[in-house]
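# kindly generate the corresponding structure for this input.
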Amino acid sequence: MSRICSLFLLVWTLAAEPADWIWSGRYLITMDAQHRVIEGGAVAVRGDRIVGVGTKKEIDAKFQPAQRLDRPEGILAPGLINTHTHAAMSLLRGVADDVSLQDWLNKFIFPAESKNLSRDYVRWGTRLGVLEMLLGGTTTFTDMYYFEDVVAEVAKEAGMRGVLGETIIGFPVADAKTPADSLRFTESYLKRFRNDPLVVAAVAPHAIFTNSDETLKAARALANKYDAPLLIHVSETKKENDDEMAKRHMTPVKALDALSVFNGRTVAAHCVWVNDADLAVLRARGVGVAHNPSSNAKLASGVAPVPKMRAMGIAVGLGTDGPAGSNNDLNLFEEMDLAVKLQNVSTLNPQALSAEAALEMATRDGARVLGLEKHIGSIETGKRADVITVRTDRPNGVPLYNPVSQMVYALKAEDVRDVMVNGKPVVRDGRALTLDEMQILRKAAEYGMQVSRSLK
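Model (predicted):
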């Protein structure tokens with residue numbers, strides 16, 4: 001009998017496909033087109049790709065892995081996608097709260113940045129932000145800031161995926177004295193990270209109210225020259241909308257469209273103050289929308305019409321915005337939960353936005369927003385291996401009737417246990433594998449004291 005078993009094992013080993021990893025868990029939320037949830041699910045990974053998805057029994061029968069990770073108490077899910085943030089602003093966390101957006105920017109953030117920004121500051125601020133995101137299950141982030149080449153270096157160092165835009169703004173900043181300087185710097189940055197496996201370099205004119213029409217047009221032309229996305233804040237506040245109406249007799253969306261800013265890959269952050277005609281423009285131009293529920297609520301900007309956008313076929317993802325006062329953390333679990341509740345309470349309809357829709361926005365629709373839906377956003381054979389495990393054995397995770405609802409309403413960022421990006425584990429058992437957490441926290445405290453001194 002032992003010889004028969006040994007022979008069977010040999011035959012199976014020779015027939016089985018090699019894999020670098022098999023991850024398995026209590027449930028596998030695929031977020032594929034059928035939104036399959038597989039009980040006792042598993043995923044096989046070879047290199048940077050997913051090569052098998054199914055039940056643990058099916059995957060074990062087909063693949064011989066070099067390494068395994070079994071989480072019988074865990075949910076496997078696609079890595080979360082943050083479609084709008086400013087990661088290095090983690091070093092300004094809480095520097096100014098409970099104020100309007102205009103006061104927050106003009107009285108606190110812009111002055112603090114003018115006194116403190118440097119390449120080293122951005123490096124450590126981004127490390128702090130990336131550490132928080134990875135530990136919370138975010139595997140892709142969309143960033144707009146200065147010294148974005150440094151942000152890209154940190155993303156690669158951490159093994160994290162990023163769509164990273166160099167900010168272009170109409171006044172002197174740390175990495176450019178003029179918008180023309182910003183555009184030259186951005187072109188060099190685009191060339192450096194072209195075809196990078198983790199970094200998608202982008203062009204990021206800040207907003208219509210902080211840039212001239214000429215600069216906005218030049219930013220679009222530069223993005224199109226390198227087939228890069230353009231990232232921009234759009235219709236975030238009523239004041240922005242009212243100011244553009246008074247100046248141009250057009251909404252910000254209509255004005256940007258008239259300037260041809262949407263003629264190419266575009267991610268529009270916020271889109272709170274938009275009417276039906278604006279939404280028709282966004283749909284026609286294929287603009288992806290980054291919805292930031294916590295930021296919009298905290299700054300009293302308003303509630304974006306997300307259900308209407310989704311019903312029209314507009315790609316809508318979730319963003320945290322920056323962690324410096326518009327939102328004080330980088331927690332996409334909070335954003336999923338709040339996205340649903342804001343829509344429900346603003347429409348007085350408990351079915352305005354479902355838990356499944358919120359998880360879709362944080363995964364496959366976030367990938368659509370970024371133009372990366374063929375590569376990430378779901379657990380499917382052939383896609384990049386961006387996978388997380390989330391534990392369900394803590395009080396907030398028990399009992400479990402619906403894994404998708406549990407992810408959105410009950411589980412938290414701190415329940416994330418393991419994270420893989422591009423086929424490489426970057427978090428194991430809640431600990432970062434690619435970043436020195438204690439060193440980052442020490443440097444963040446040092447910069448916190450520096451910022452405090454500069455504001456006195």
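
# where does the protein dip in pLDDT?
1-14 (pLDDT under 70).

# could you point out the longest strand in it?
strand 63-78 (DSSP state E).

# which positions within that strand qualify as buried?
63, 65, 69, 71, 73-78 (16 or more other C-beta atoms under 10 Å). Every residue, glycine included, has its C-beta placed from N, CA and C.

# can you spell out which helices and strands pack onto that strand?
The helices and strands touching strand 63-78, judged by 3 or more C-beta pairs under 8 Å, 6 or more residues apart in numbering; DSSP states H and E, are strand 17-29, strand 41-46, strand 387-391, strand 416-421.

# let's see that with 6 Å instead.
Counting contacts by 3 or more C-beta pairs under 6 Å, 6 or more residues apart in numbering; DSSP states H and E, strand 63-78 packs against strand 17-29, strand 387-391.

# let's have these in CSV, adding distance to residue 221.
CSV is the format used below for those (distance: least, C-beta to C-beta, whole Å):
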stretch, distance to residue 221
strand 17-29, 41
strand 387-391, 38
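
# residue 191 and residue 228, how far apart?
From residue 191 across to residue 228, the span is 10 Å (C-beta to C-beta, to the nearest Å).

# related to what we said a few turns ago, okay, the angle between whichever helix or strand comes after the longest strand of the chain and strand 416-421?
Counting by DSSP states H and E, the next helix or strand C-terminal to strand 63-78 is strand 80-85. Between strand 80-85 and strand 416-421, the angle comes out at 80 degrees (axes from the mean of the first three to the mean of the last three C-alpha atoms, to 10 degrees).

# return the distance of the helix or strand following strand 80-85 from the chain's centre.
Scanning forward in sequence from strand 80-85 by DSSP H and E, the next helix or strand is helix 101-103. Computed by C-alpha atoms, centre = their mean, to the nearest Å, the chain-centroid distance of helix 101-103 equals 24 Å.

# what are the buried residues along helix 101-103?
Applying a neighbour-count criterion of 16+ other C-beta under 10 Å, one finds residue 101 buried in helix 101-103.

# and the next helix or strand past it?
Downstream of helix 101-103, the first helix or strand assigned by DSSP H and E is helix 110-116.

# please work out which residues outside the helix or strand just after that next one touch it.
Per DSSP H and E, the first helix or strand lying C-terminal to helix 110-116 is helix 119-135. Where contact means C-beta atoms under 6 Å, 6 or more residues apart in numbering, the residues beyond helix 119-135 that reach it are 87-88, 90-91, 141, 147, 150-151, 154, 158, 160, 330, 419, 426-427, 432, 435, 440, 443-444.

# now stretch 439-448
Residues outside stretch 439-448 that contact it (C-beta under 6 Å, 6+ apart) are 91, 124, 127-128, 131.

# same thing but 7 Å
Residues from elsewhere that reach stretch 439-448, judged by C-beta atoms under 7 Å, 6 or more residues apart in numbering: 91, 121, 124, 127-128, 131.

# just give me the closest of those residues to residue 203.
residue 121 (22.4 Å; C-beta to C-beta).

# report how many residues lie close to that closest one.
Counted with other C-beta atoms under 10 Å, residues neighbouring residue 121 total 21.

# separation between it and residue 434?
From residue 121 over to residue 434 the distance is 21 Å, taken as C-beta to C-beta.

# quick check: the farthest pair among the contacts of stretch 439-448?
Once C-beta to C-beta is applied, those give 121 and 131 as the farthest pair, at 15.9 Å.

# before we move on, back to that, next, give me the two most distant ones among the buried residues of strand 63-78.
Among the buried residues of strand 63-78, 63 and 73 lie farthest apart (C-beta to C-beta), at 22.7 Å.

# dead centre of this protein: give me the residue that sits there.
residue 82 (1.4 Å; C-alpha atoms, centre = their mean).

# sticking with residue 245, tell me its helix or strand.
Using DSSP H and E, residue 245 falls within helix 238-248.

# show me what counts as buried in that helix.
Here helix 238-248 shows 240-241, 244 as buried, counting by 16+ other C-beta under 10 Å.

# ok, now stretch 313-322?
314-322.

# same thing with stretch 165-182?
In stretch 165-182, counting by 16+ other C-beta under 10 Å, buried: 165-170, 173-176, 179, 182.

# one step back: so for residue 191 and residue 228, which sits in the more crowded spot?
residue 228 (24 against 10).

# mind checking the SS state of the more buried one?
Following DSSP: H, G, I helix; E, B strand; the rest coil, the label given to residue 228 is coil.

# list the contacts for it?
Here residue 228 is in contact with 190, 201-203 (C-beta under 7 Å, 6+ apart).

# related to what we said a few turns ago, closest to residue 335 among the buried residues of helix 238-248?
Nearest to residue 335 among the buried residues of helix 238-248, counting by C-beta to C-beta, is residue 240 at 21.8 Å.

# my guess is that closest one meets residue 209, correct?
Yes: taking C-beta atoms under 7 Å as the definition, residue 240 is a contact partner of residue 209 at 5.9 Å.

# check contacts around residue 362.
80-81, 318, 332, 336.

# dump those to TSV, plus distance to residue 50.
Below are these laid out as TSV (distance: C-beta to C-beta, whole Å):
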residue	distance to residue 50
80	16
81	16
318	23
332	21
336	23
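
# and the spatially closest residue to residue 386 that is not a sequence neighbour, how many neighbours does it have?
Nearest residue to residue 386, sequence neighbours excluded (C-beta to C-beta, 6 or more residues apart in numbering): residue 79, at 3.6 Å. The tally of other residues near residue 79 (other C-beta under 10 Å) stands at 29.

# contact partners for residue 79?
Counting by C-beta under 7 Å, 6+ apart, residue 79 has contacts 137-140, 386-388, 419, 421.

# how much space separates it from residue 291?
Residue 79 sits 18 Å away from residue 291, going by C-beta to C-beta.

# the nearest residue to residue 373 once chain neighbours are set aside: helix or strand, and which one exactly?
Nearest residue to residue 373, sequence neighbours excluded (C-beta to C-beta, 6+ apart): residue 367, at 4.4 Å. Assigned by DSSP H and E, residue 367 belongs to helix 364-370.

# helices and strands around that helix, which ones?
The elements that helix 364-370 packs onto, with contact taken as 3 or more C-beta pairs under 7 Å, 6 or more residues apart in numbering; DSSP states H and E, are strand 80-85, strand 288-291, strand 316-318.

# how about the ones you listed in JSON lines, adding distance to residue 196?
Shown next, in JSON lines, are the helices and strands packed on helix 364-370 (distance: least, C-beta to C-beta, whole Å):
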{"stretch": "strand 80-85", "distance to residue 196": "17"}
{"stretch": "strand 288-291", "distance to residue 196": "20"}
{"stretch": "strand 316-318", "distance to residue 196": "21"}
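
# quick one, which of these is nearest to residue 344?
strand 288-291 (14.6 Å).
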